[in-house]
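Q: let me see the structure of the following:
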Amino acid sequence: MTTRPEQEIPVAIHPLGPTPGIVPVLPSMILRTEHCEIAAHIGLFFDGTGNNYEWDDGDKCHVAAGGTQLERRKESNVARLFAAYPAATPRGSYFRIYVNGVGTPFKSIGEDLPALTGMAFGGGGDGRINFGLLSVLDSIHKSASPIGRGAYKKDAIVALCRNSIRTRDDSTGTLSALGGTADESALDSVGMRATGGLLMNPVTGDRGHAQAFYRREVKRIAQVISAPAKCEPNSEPKSKSKLVEIFIDAFGFSRGAAQARVFCNWLNELFEGDTLCGVRATIRFLGIFDSVASVGVPNNPNMTYNLTNGHMAWGNEQYLRIPARVKNCVHFVAMHENRPSFPLERVLVHNGLPDNCHEYAFPGMHSDVGGGYGVNEQGRGLLPTTSSKNLLSSEKLSQIPLEYMLKAAQAAKVPLSTRQAQRADADDGTYNPFQVDDALREAYVRFHAACSPSARQPADWLIVYLAWRYQVHAAYTGLPWKSRANNQDLADLSGANQTLLDDIAALETGILERAVSINYEVGRRFLYALKQMANPLLGPVTPDPYPLPESTMAKLRKLAPESGDVLQRLKSYPAVSAAEANLFATYAHDSYAGFRPFDHQFKLWVVGCQKLLPGSWEPEGYLRYRRFYTGFNTARTYKVVLADAELQQIDMQNRVYTEGAGMQNMFPRWSQ
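A: Numbering: from 1, shown residues only. Below you'll find the model as predicted:
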């Protein structure tokens, strides 16, 4: 099999100044207030997995943390930007909509408790995107209503966002059940009783029923807006406003960033020319932090049988592309994240960056860019741990990309204000969520100076951190963070570092074997089994056409295929600069140490709360490159060429798509 070249698609560190290329989006007209003309500014904020500023992190298996994420200063950068967006105004000019992250409660769509599939598989994302679309239409309707009445009642929004299309039982003539007892009447109020809600068809992935609903609603609201009404600017209750322009902004982090991207695509479908609901409209700004889809089964190079690469259902790769209608898209990505469950969705399409997109790298892990770490988590920082939580919040590494995103959005004329975001705190005085500690800023500037201004492959940004970890691996648990970290953080960091030591020893001694080609054979065997499951009438086929000896099975490796190559690069890497080492040791978190996807308690039907694999981290460890996507379903790393084994894996995925193997109904994509 021949190899195919993979062109380089580097990413640059953000310059110390403003984000280059931001287009200011100015009003197209001067509002005539004497004619009751208004412009609506609608901001949507899609938070990341597990991020919810109003949540105390409690669920059926976990005791609440003793305060909301906001109260503990653990809220993400999306939540901080939400606080800076103007709240609703009497004349209906400003609207801000916060969308709780998947894996957290979201009562507005009927998730009173965290969805079981939210954290691991992105369950609930479809409902959140539809909530965003309904909120836009609702806000537009409020802008034109004399008394600020929305287009939908709360129970209708819940029913629309937690139900899919209904099916009819031909034998009884009854429609399929809904998610709640009140949903039938709620759907009836919006003409959807027989159709159902807006979620994608769980079998086919089709959303034609939702598209038809939105097209109908856009026309209905356009008629409301165009209806004549007397203008009385100073009347109470106010007279009907004349909505003449709409500006829409969207922000997101992690899976929330993926949702924000899908939201822009689905919203784009509702435009007619440059108008939405008959009014001139603009998607002014899309600000996203380290986009991750991972909907369904995420990418894993040791899972040849992975059918979707985390692009199931609403996370389809085509929905993630940035539409040209977005005037400014700014994407900040994490230089040093590499967990298998967090493959990056870049805004590139193939090897090109769209003209409306700007993508830059910032140091640290996933939540060092998007926010969400607690104050002093993993002992990071320099301030005394007895300092106020407001001050401790200011030295989180995520404050740097937050500040740059704020300035980029303001340059595009998004109405964000740090004064708006400040809030009084009885214990700690005034809280400014955008404050940046002086020592952190100085450390970042020095790190920036130590980096070449030239763009690098994502793997080449990552390798600096991994080289530092290799160079300090024996002394890592004696670094200054040890005296600041709590007992759980100490256990996590020490245990994860031991995993690194064990993996290095395994590769150096040759005890463990990588065997990518063997993994491909496992995949062929798995595909054969799927076909037998999908075609039970054929009966078992003997002998198995893909036999695999037990001795071979025993040699399968958990480490990534490139782990040996990564280790060789680390061994030959020169000493990491003092500026880079200081930022890594003092401010950058260890996302691998803090993430145990199967060491988390789950509520199981019979046995109650259980950990699936106690004491476990992700099996591939540190010695790997982060996978990323460029608008398509092929995972990429850094390589100039794709190895034969990787081509075999891609070929198998394509076979599943084309041949079916009876799996489309189990793993739906979307109607092509």
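Q: quick one, phi psi at the residue nearest to residue 332 when sequence neighbours are not counted?
A: Counting by C-beta to C-beta, 6 or more residues apart in numbering, the nearest residue to residue 332 once its immediate chain neighbours are dropped is residue 401, at 4.7 Å. (Glycine included, C-beta is placed from N, CA and C.) Note on residue 401: backbone dihedrals following degrees, to the nearest 10 are phi -60, psi -30.
Q: close enough to count as contact, residue 401 and residue 361?
A: No: in this structure, residue 401 is not within contact of residue 361 by C-beta atoms under 8 Å, at 9.7 Å.
Q: joint contacts of the two?
A: 14, 332 (C-beta atoms under 8 Å, 6 or more residues apart in numbering).
Q: name the SS class of the nearest residue to residue 454 once chain neighbours are set aside, please.
A: Nearest residue to residue 454, sequence neighbours excluded (C-beta to C-beta, 6+ apart): residue 12, at 7.3 Å. Three-state call for residue 12 (DSSP: H, G, I helix; E, B strand; the rest coil): strand.
Q: model confidence for residue 12, exactly?
A: Residue 12 is assigned 95 on the pLDDT scale.
Q: ok, it - contacts?
A: Counted by C-beta under 8 Å, 6+ apart, residue 12 has contacts 360, 361, 453, 454, 455, 456.
Q: quick one: the second one is in a helix?
A: Think residue 361. No: assessed by three-state DSSP, residue 361 does not belong to a helix; its assignment is strand.
Q: how near is the residue nearest to residue 332 to residue 365?
A: Distance, residue 401 to residue 365, by C-beta to C-beta, to the nearest Å: 12 Å.
Q: now do residue 564
A: On the measure of C-beta to C-beta, residue 564 and residue 365 end up 24 Å apart.
Q: which of the two has more neighbours?
A: More neighbours surround residue 365 than the other of residue 564 and residue 365, with 26 against 16 (other C-beta atoms under 10 Å).
Q: any idea how this protein splits into domains?
A: Listed domain ranges for the chain are 12-19+32-170+192-442, 457-628 (source: automatic domain parsing).
Q: okay, the ones you listed, which one's buried deepest?
A: Across the domains of the chain, averaging neighbours per residue (mean count of other C-beta atoms under 10 Å) puts domain 12-19+32-170+192-442 on top, at a mean of 21.
Q: and the end-to-end length of that one?
A: End-to-end distance for domain 12-19+32-170+192-442: 20 Å, by C-alpha to C-alpha, to the nearest Å.
Q: stretch 103-115 too?
A: 6 Å.
Q: again with stretch 371-378
A: 14 Å.
Q: low pLDDT regions in the stretch 101-250 of the chain?
A: Applying pLDDT under 70 to the stretch 101-250 of the chain flags the ranges 118-122, 233-239.
Q: what about the helices in it?
A: Secondary structure of the stretch 101-250 of the chain (DSSP state H, counting those that start in this stretch): helices located at 118-121, 125-144, 154-162, 183-188, 208-226.
Q: got CSV for those helices, with distance to residue 71 too?
A: Formatted as CSV, those follow (distance: least, C-beta to C-beta, whole Å):
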stretch, distance to residue 71
helix 118-121, 22
helix 125-144, 23
helix 154-162, 26
helix 183-188, 33
helix 208-226, 36
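Q: right, and those helices - which one's nearest residue 322?
A: Nearest of those to residue 322, taken as C-beta to C-beta: helix 125-144 at 15.3 Å.
Q: what's the closest of the helices of the stretch 101-250 of the chain to residue 619?
A: Counting by C-beta to C-beta, residue 619 lies closest to helix 118-121 out of the helices of the stretch 101-250 of the chain; the figure is 15.3 Å.
Q: longest helix in this protein, by residue count?
A: helix 487-509 (DSSP state H).
Q: what's that helix in contact with?
A: With C-beta under 8 Å, 6+ apart, helix 487-509 has contacts from 377-379, 469-470, 473, 476-477, 481-482, 485, 511-512, 559, 563-564, 567, 590, 592-594, 596, 615, 617, 621-623.
Q: what's the least confident stretch among the domains of the chain?
A: domain 457-628 (a mean of 76).
Q: distance between the ends of that domain?
A: 11 Å.
Q: list phi and psi for the nearest residue to residue 484 once chain neighbours are set aside.
A: In this structure, residue 484 finds its nearest non-sequential neighbour in residue 379, 3.4 Å apart by C-beta to C-beta, 6+ apart. Dihedral angles phi and psi of residue 379 (degrees, to the nearest 10) take the values phi 70, psi 20.
Q: can you tell me which residues contact residue 379?
A: 480, 481, 482, 483, 484, 485, 486, 489.
Q: state the distance from the second one to residue 442.
A: Read that as residue 481. Per C-beta to C-beta, residue 481 is found 19 Å from residue 442.
Q: could you do the third one as well?
A: Using C-beta to C-beta, residue 482 is found at 23 Å from residue 442.
Q: ok, now the last one?
A: Counting by C-beta to C-beta, the gap between residue 489 and residue 442 amounts to 25 Å.
Q: now the fourth one
A: The span separating residue 483 from residue 442 equals 22 Å under the rule C-beta to C-beta.
Q: can you check residue 506 too?
A: Residue 506 is 40 Å from residue 442, where distance means C-beta to C-beta.
Q: what do you get for residue 225?
A: 52 Å.
Q: need the per-residue pLDDT for residue 668.
A: Value for residue 668, per-residue pLDDT: 40.
Q: tell me the SS of residue 286?
A: What three-state DSSP gives for residue 286 is strand.
Q: quick one, phi/psi of the closest residue in space to it that isn't next to it in sequence?
A: Distance criterion C-beta to C-beta, 6+ apart; nearest residue to residue 286, sequence neighbours excluded, is residue 329 at 4.4 Å. Backbone torsions of residue 329, given as degrees, to the nearest 10, read phi -120, psi 120.
Q: and the one 5 residues further on, by the same measure?
A: Phi and psi for residue 334, reported as degrees, to the nearest 10, are phi -90, psi 120.
Q: would you mind measuring from it to residue 353?
A: Taken as C-beta to C-beta, the span from residue 334 to residue 353 is 18 Å.
Q: for residue 249, same thing?
A: Using C-beta to C-beta, residue 249 is found at 21 Å from residue 353.
Q: measure how buried residue 25 is and give me the count.
A: Neighbours around residue 25, by other C-beta under 10 Å: 18.
Q: likewise residue 446?
A: By the criterion of other C-beta under 10 Å, residue 446 has 15 neighbours.
Q: ok so it is a helix residue?
A: Yes: assigned with three-state DSSP, residue 446 falls within a helix.
Q: that older thread, what's the farthest-apart pair in the contacts of residue 12?
A: Pairwise distances across the contacts of residue 12 peak at 13.2 Å for 360 and 454 (criterion: C-beta to C-beta).
Q: CA atoms only for stretch 382-401 - export them in PDB, please.
A: C-alpha atoms of stretch 382-401 as PDB (Å, rounded to 0.1, in the frame of the first residue of the first chain):
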ATOM      1  CA  LEU A 382       2.700  31.600  43.500                       C
ATOM      2  CA  LEU A 383       0.300  33.600  45.800                       C
ATOM      3  CA  PRO A 384      -0.100  32.400  49.400                       C
ATOM      4  CA  THR A 385      -2.800  29.800  49.500                       C
ATOM      5  CA  THR A 386      -4.400  31.900  52.200                       C
ATOM      6  CA  SER A 387      -5.000  34.800  49.700                       C
ATOM      7  CA  SER A 388      -8.500  35.700  48.800                       C
ATOM      8  CA  LYS A 389     -10.100  33.500  46.100                       C
ATOM      9  CA  ASN A 390     -10.500  36.600  43.900                       C
ATOM     10  CA  LEU A 391      -6.700  37.000  43.900                       C
ATOM     11  CA  LEU A 392      -6.000  33.300  43.500                       C
ATOM     12  CA  SER A 393      -8.400  33.300  40.500                       C
ATOM     13  CA  SER A 394      -6.300  36.000  38.800                       C
ATOM     14  CA  GLU A 395      -3.200  33.800  38.600                       C
ATOM     15  CA  LYS A 396      -4.800  31.000  36.700                       C
ATOM     16  CA  LEU A 397      -3.100  30.500  33.300                       C
ATOM     17  CA  SER A 398      -6.500  30.600  31.600                       C
ATOM     18  CA  GLN A 399      -6.700  34.400  32.400                       C
ATOM     19  CA  ILE A 400      -4.300  35.100  29.600                       C
ATOM     20  CA  PRO A 401      -6.400  33.700  26.700                       C
END
